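Colleague: Sharing a sequence plus its predicted fold:
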Amino acid sequence: MHSELRKAYDAEMNAAIEDYYGNNLHEAFHHLEAAHVLGQSFTFAHVRAHWWMLRIGWKRRDSTEIRGQFGRIIAALIFSRIWVPLGNTGGANVHPLKPMPIPEELQALLKRR
């Protein structure tokens with residue numbers, strides 16, 4: 001992961017974790033979705049985003065999110081370096097194999113891997 005991408009990924013993860021502990025779960029999840037898009041081609045970063053999504057699902061007692069994230073964590077461990085659906089935000093509310101439009105503010109960071 002190049003340094004600009006790492007810095008953006010870390011900023012999204014740090015914001016998500018801060019919001020998680022501040023009990024602002026909606027904003028935390030939004031930051032995790034951005035972190036997921038940025039880090040999904042890198043195994044550790046990908047799994048870490050899903051792990052925190054799982055934690056939010058657990059805190060919300062959202063069984064759909066919990067089940068979805070367990071499967072996505074396993075898939076991230078296996079497939080991150082092989083193939084990922086670019087732009088997919090990673091939540092259980094979207095199909096795990098569906099490519100999605102990459103937000104404009106993240107596109108430049110992802111052009112250079």
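Modeller: On my side now, so go ahead. Numbers count the residues shown, from 1 in each chain.
Colleague: helices and strands of this protein: which one has the lowest mean pLDDT?
Modeller: Ranked by mean pLDDT, DSSP states H and E, the weakest helix or strand in the chain is helix 104-111, scoring a mean of 87.
Colleague: That one packs against which elements?
Modeller: The helices and strands touching helix 104-111, judged by 3 or more C-beta pairs under 8 Å, 6 or more residues apart in numbering; DSSP states H and E, are helix 3-21, helix 25-39. For the C-beta atoms, the positions are set from N, CA and C on the backbone; glycine is no exception.
Colleague: Swap in 6 Å and give it another go.
Modeller: Applying 3 or more C-beta pairs under 6 Å, 6 or more residues apart in numbering; DSSP states H and E, one finds that helix 104-111 contacts helix 3-21.
Colleague: helices or strands up against the helix it packs on?
Modeller: helix 25-39, helix 104-111.
Colleague: tell me the angle of it relative to helix 104-111?
Modeller: Angle of helix 3-21 versus helix 104-111, following axes from the mean of the first three to the mean of the last three C-alpha atoms, to 10 degrees, is 130 degrees.
Colleague: average pLDDT across helix 3-21?
Modeller: Averaging pLDDT along helix 3-21 gives 97.
Colleague: Buried ones in that helix, by neighbour count?
Modeller: 5, 8-9, 12-13, 15-17, 19-20 (16 or more other C-beta atoms under 10 Å).
Colleague: Between the helices and strands packed on helix 3-21, which one is closest to Ala75.
Modeller: helix 25-39 (12.4 Å; C-beta to C-beta).
Colleague: Now do the closest one: which elements does it pack against?
Modeller: Judged by 3+ C-beta pairs under 6 Å, 6+ apart, the packing partners of helix 25-39 are helix 3-21, helix 43-60.
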